[in-house]
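# Sequence first, then the predicted structure:
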Amino acid sequence: MTEDEVLAEFRAADALLEGHFILSSGLRSPRYLQCARLLMDPARAERIAVALADRLPQATRDAIDIVVSPAMGGVIIGHEMGRALGKPAVFVERPEGSFELRRGFRIDPGAKVLMVEDVVTTGLSSREAIRAIGEAGGEVIAAASIVDRSGGGVDLGVPYTSLIRIDVPTYEADSLPPELEAIPRSSPGAARRRDGRAALQFAQAGRQHRSRRDHPERARRRSSRPGPGGDPRR
Ligand SMILES: O=P(O)(O)OC[C@H]1O[C@H](OP(=O)(O)OP(=O)(O)O)[C@H](O)[C@@H]1O
Ligand SMILES: O=C(O)c1cc(=O)[nH]c(=O)[nH]1
Ligand SMILES: [Mg+2]
């Protein structure tokens, strides 16, 4: 798949957004690649994963024991990469802030791992995932993502392959160009780490309650669920 064909897939999925976006890193950008929308069509998700898997050197493909991806954004593409490569696929997640393996997932000691992300911007999430995989016993031998919007200079500490490299400007929140400043901002991905003030408010609210389970927003959601009971663990 050429880069133009990849872009055509994004356009067909209405997944190339323009506006004023707050990225996971807190950086701001006038463009956002919404991989969740790209992957919502299973046939398209399969095409994207097959194309990304094809980009990996054959020696890497042969060596991989397992695909591991960071939730949330990495889960679907990680699973599709597992299918494309004929390997199991699991994910790490961050219930408490740092990535960990849960849900009975295991990585055999020394297993060769392909770390799969949807997007790499600063590379922080990828590096954190790679560290967590190492702590869980795996050896990350390569990384892959659909989009590399790092500007090409990112160092993940392992060979890194992307399906498309896109040069999109990013800005610190206090040095926005006027045309970006004029547009209302939005956070199209996970609502975490993005807005320092919102994160602080959440942390302060959390401290007033014994656990996240007791957080008023969670209690409100529990009580508004239809049907008898609901899931008592939530
Ligand atoms: O290279 P980085 O600067 O770390 O940015 C890219 C990361 O940001 C997004 O995840 P996000 O943190 O929004 O969470 P999500 O995967 O749960 O949507 C995306 O899925 C990557 O993981
Ligand atoms: O850096 C991010 O958070 C990010 C950028 C982007 O274009 N798409 C995305 O899903 N996340
Ligand atoms: Mg992510």
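That came through, no problem. Ligands and ions are numbered 1, 2, ... in the order given.
# If you count contacts, what does the helix or strand hosting Val113 end up packed against?
Following DSSP states H and E, one finds Val113 within strand 112-120. Counting contacts by 3 or more C-beta pairs under 8 Å, 6 or more residues apart in numbering; DSSP states H and E, strand 112-120 is packed against helix 35-38, strand 66-70, helix 73-85, helix 124-135, strand 139-148. Quick note: C-beta positions are derived from backbone N, CA and C, even for glycine.
# Swap in 7 Å and give it another go.
If you count contacts as 3 or more C-beta pairs under 7 Å, 6 or more residues apart in numbering; DSSP states H and E, strand 112-120 packs onto strand 66-70, helix 73-85, helix 124-135, strand 139-148.
# Next, the angle strand 139-148 makes with that strand.
Angle of strand 112-120 versus strand 139-148, following axes from the mean of the first three to the mean of the last three C-alpha atoms, to 10 degrees, is 20 degrees.
# near ligand 1, which residues of this structure?
Residues of the chain that fall close to ligand 1, judged by C-beta under 6 Å from any ligand atom: 24-25, 70-73, 117-126, 189-190.
# What is the burial count for Thr161?
When neighbours are counted by other C-beta atoms under 10 Å, Thr161 registers 18.
# picking up where we left off before, is the strand holding Val113 in proximity to ligand 2?
Yes: using C-beta under 6 Å from any ligand atom, strand 112-120 comes into contact with ligand 2 via Asp118, Val119.
# Please name the nearest non-neighbouring residue to Leu101.
In space, Leu101 comes closest to Ala136 once its chain neighbours are excluded; the distance is 4.8 Å by C-beta to C-beta, 6 or more residues apart in numbering.
# State the pLDDT value of the residue of the chain at minimum distance from ligand 1.
Nearest residue of the chain to ligand 1: Gly73, at 2.5 Å (C-beta to the nearest ligand atom). What the model reports for Gly73 is a pLDDT of 97.
# next one: His209
33.
# ditto for Gly153
86.
# if I look at it, how far off is Asp14?
30 Å (C-beta to C-beta, to the nearest Å).
# Those two: which is more packed in?
Asp14 (11 against 6).
# tell me the SS of the more buried one?
Here Asp14 takes the coil state, with states given by DSSP: H, G, I helix; E, B strand; the rest coil.
# And for the closest residue to it other than its chain neighbours, the neighbour number?
Nearest residue to Asp14, sequence neighbours excluded (C-beta to C-beta, 6+ apart): Arg37, at 6.1 Å. Residue neighbour count, defined by other C-beta under 10 Å, stands at 16 for Arg37.
# Quick check: Arg37 touching Leu16?
No: between Arg37 and Leu16 there is no contact under C-beta atoms under 7 Å: 9.2 Å.
# what's the residue positioned nearest the centre of the chain in contact with, if anything?
Centre of the chain computed as the mean C-alpha position; nearest residue by C-alpha atoms, centre = their mean is Gly73, 3.1 Å away. Gly73 makes contact with Cys35, Glu117, Asp118, Val119, Gly189 under the criterion C-beta atoms under 7 Å, 6 or more residues apart in numbering.
# Between those, identify the one with the most neighbours.
Highest count within the contacts of Gly73 by other C-beta under 10 Å belongs to Glu117, 27 neighbours.
# which strand residues sit across from that residue in the sheet?
Listed beta-bridge partners, Glu117: Ser145 (assigned using DSSP bridges).
# So for it, what pLDDT did the model give?
In this model, Glu117 is scored at 98, pLDDT.
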